[in-house]
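Colleague: no letters, just coordinates:
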């Protein structure tokens, strides 16, 4: 059903007395309306930005434990680790990089 039809049904229920059955019908229609209504869309650039900030914060935390490695080298090792290859940085650091 479309939003318009559901809203018409809600309006039609206004002419009936406020009985238990009418209340249940209203609630059912409102639930259907909530499911149909489009959710607030996030801006793609904003969600991408949040994810990249998290990623770079994580890389910086790992870098604090290994200051001799460059940012780029840590990123390379992280990429290798995600693909399942062995890296020189131990798993303990990857799982909890906080100092």
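Modeller: That came in fine, so what should we check first? As the structure is a computational prediction, the values presented were derived from the model and not from experiment.
Colleague: hey, let's count contacts and neighbours off CA atoms from now on
Modeller: Noted.
Colleague: tell me the phi and psi of the residue of the chain most remote from its centre?
Modeller: Most distant residue from the mean C-alpha position of the chain: residue 17, 42.5 Å away (Cα atoms, centre = their mean). Dihedral pair for residue 17: phi -70, psi 160, per degrees, to the nearest 10.
Colleague: ok, it to residue 23 distance?
Modeller: Residue 17 is 10 Å from residue 23, where distance means Cα to Cα, to the nearest Å.
Colleague: same question, residue 6
Modeller: Going from residue 6 to residue 23 by Cα to Cα gives 15 Å.
Colleague: likewise residue 95?
Modeller: For residue 95 relative to residue 23 (Cα to Cα), the value is 52 Å.
Colleague: ok, the two, which is more surrounded?
Modeller: Neighbour totals were compared for residue 95 and residue 23, and residue 23 leads with 13 against 9 (other Cα atoms under 10 Å).
Colleague: low-confidence ranges, the protein, go.
Modeller: Within the chain, the segments meeting pLDDT under 70 span 1, 38-40.
Colleague: how about the strands in it?
Modeller: Ranges of strands in the chain, per DSSP state E: none exist.
Colleague: quick one, longest helix in it?
Modeller: Longest helix in the chain, counting residues (DSSP state H): helix 44-65.
Colleague: for that helix, packing partners?
Modeller: Here helix 44-65 touches helix 71-82, helix 91-95, going by 3 or more Cα pairs under 8 Å, 6 or more residues apart in numbering; DSSP states H and E.
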